[in-house]
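Novice: could you look at this predicted model? Sequence included:
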Amino acid sequence: MPDSRPIAILGGTGPAGMGLALRWARAGETIIIGSRDAQRAQEAAANIKNKSGDNARVSGMENSAACSAAGLLVLTVPFEGQATLLKQLKPAIRAGSMLIDATVALAAGVGGRASRTLGVWQGSAAQQAAELVPKGVSVAAAFHNLSAELLNGDQAIDCDVIVCSDDAGASQFALTLAGKIPGVRAIDGGKLENARILEQITALLVGLNIRHKGHGGIRITGLPPEAYR
Ligand SMILES: NC(=O)c1ccc[n+]([C@@H]2O[C@H](COP(=O)([O-])OP(=O)(O)OC[C@H]3O[C@@H](n4cnc5c(N)ncnc54)[C@H](OP(=O)(O)O)[C@@H]3O)[C@@H](O)[C@H]2O)c1
């Protein structure tokens, strides 16, 4: 069953946000694409609607308007913009919101290699996000290891999504959304501090993709069936 609550994807005009929006719009979710520029957001929303059908519920708004309009938030911006954006958005984020962070601190953001990550004082980009959101807003880390290239296509995706969070509600929100992407299995990966490992895996996947010219993902084997959602 689609959730009746809108999901705002902040920085949703890039490949990662657009791909997630496309998959969730096709699953019947109500999506708000967020951008620093309202017109760019509306163009991106129109693009998703074209690909997912007339019944798709997708709109576009400037990021702070998107936060005011939705309590379910997904953050898909480059690491170098994450802290500044969250500080700007703090007054607009509604009390009790849940935020899924997909940010990876790739060294490419400061002129280094995309197959290396930067050290983040808090331990991971997701833990930095948790420090910057208003009190009472819960954070989950997810979707770091899904290829945007594959998300923007039409095929089922051969990848598991591991969700890390210190909050049961945020974890459930991310697990449910992951399970709506065809082919994806969602797995509870424990505490938010484990996000540092998810983020490192992305750097490994980037390196593998360059080396082997592919769109690598991960599968976790050997867990009991109930671990896979
Ligand atoms: N691409 C992938 O395959 C993939 C997979 C998993 C995770 N990720 C992670 O997901 C995040 C987004 O990836 P992406 O490839 O979609 O990135 P991107 O295209 O570089 O950026 C996404 C959007 O973020 C906004 N943005 C850019 N710089 C910003 C800044 N300084 N401050 C605020 N907003 C800014 C832009 O939207 P507006 O200009 O419209 O505001 C842009 O369209 C990254 O942290 C990435 O590591 C990516």
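Specialist: Nice, thanks for sending it over. This is a predicted model, so every value here is computed, not measured.

Novice: would you confirm that A156 contacts G183?
Specialist: Yes - with contact defined as CB atoms under 8 Å, A156 counts as touching G183 (3.1 Å). Placement of C-beta: from N, CA and C, glycine included.

Novice: give me the distance from the lengthiest helix in the chain to the chain's centre.
Specialist: Secondary structure of the chain per DSSP state H: the longest helix is helix 195-212. Computed by CA atoms, centre = their mean, to the nearest Å, the separation of helix 195-212 from the middle of its chain amounts to 16 Å.

Novice: quick one: buried residues of it?
Specialist: A195, R196, L198, E199, Q200, I201, T202, A203, L205, V206, N209 (16 or more other CB atoms under 10 Å).

Novice: which among those gets closest to the ligand?
Specialist: T202 (5.9 Å; CB to the nearest ligand atom).

Novice: residues contacting that closest one?
Specialist: V104, L106, T117, H144, N145 (CB atoms under 8 Å, 6 or more residues apart in numbering).

Novice: the third one and the ligand, how far apart?
Specialist: It refers to T117. Separation of T117 from the ligand (CB to the nearest ligand atom, to the nearest Å): 10 Å.

Novice: name the nearest residue to that residue, sequence neighbours excluded.
Specialist: Once flanking residues are discounted, T117 sits nearest to A203: 4.8 Å by CB to CB, 6 or more residues apart in numbering.

Novice: can you mark which positions in stretch 23-37 are buried?
Specialist: Buried residues in stretch 23-37 (16+ other CB under 10 Å): 23-27, 29-36.
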